[in-house]
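Enquirer: Sequence first, then the predicted structure:
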Amino acid sequence: PMFIQMAKYEEYGLGTNGTNDGVAKWKTYKKEWVLEECNRMGFMSDFHPFMKDVQAYPGEDVLIINDPEQKYGDNFYICLTVEAKER
């Protein structure tokens, strides 16, 4: 599970109104962008808890998927293997 603050939705390209209405169902980010975000924002980045996993991830694009019912514990989950991303 991955928690993303509603205030970050627009910045992360997930939605613009700060609510769950109209939030993207999924989004990919370049691995390089995720790591730059972590380095720039430090622990304030919503991606920071996954920084080491993203560094080890062999793909170029990192996929996050909206989990509005929080089935897996938070409002998004992040795919950290190529197999998970391709499902």
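Expert: Here it is on my side, so go on.

Enquirer: List the residues that contact the residue nearest to the spatial centre of the chain.
Expert: Against the mean C-alpha coordinate of the chain, by C-alpha atoms, centre = their mean, the closest residue is I64 at 4.5 Å. Shown in contact with I64 (C-beta atoms under 8 Å, 6 or more residues apart in numbering): 2, 4, 26-29, 76-79. Where C-beta positions appear, they are placed from N, C-alpha and C, glycine not excepted.

Enquirer: Can you flag the buried ones in those residues?
Expert: Neighbour counting by 16 or more other C-beta atoms under 10 Å classes 2, 4, 27, 29, 76-79 among the contacts of I64 as buried.

Enquirer: Out of these, flag the one nearest to M41.
Expert: I4 (12.7 Å; C-beta to C-beta).

Enquirer: Was I right to think the closest one contacts N75?
Expert: Yes. Assessed by C-beta atoms under 8 Å, I4 is found in contact with N75 at 6.0 Å.

Enquirer: Considering the contacts of I64, which is situated nearest to P49?
Expert: M2 (7.7 Å).

Enquirer: what pairs with the closest residue to G13 other than its chain neighbours across the strands?
Expert: Leaving aside its sequence neighbours, G13 sits nearest to K27 (C-beta to C-beta, 6 or more residues apart in numbering; 6.1 Å). Judged by DSSP bridges, the bridge partners of K27 are I64.

Enquirer: Quick one: residues contacting K27.
Expert: 12-14, 63-64.

Enquirer: what's the answer for D46, then?
Expert: 2-5, 8, 12.

Enquirer: And the strands in the chain?
Expert: Applying DSSP state E to the chain gives strands spanning 26-30, 61-66, 76-79.

Enquirer: do you know which of the ones you listed lies nearest F43?
Expert: Ranked by C-beta to C-beta, the member of the strands of the chain that lies closest to F43 is strand 76-79, at 16.5 Å.
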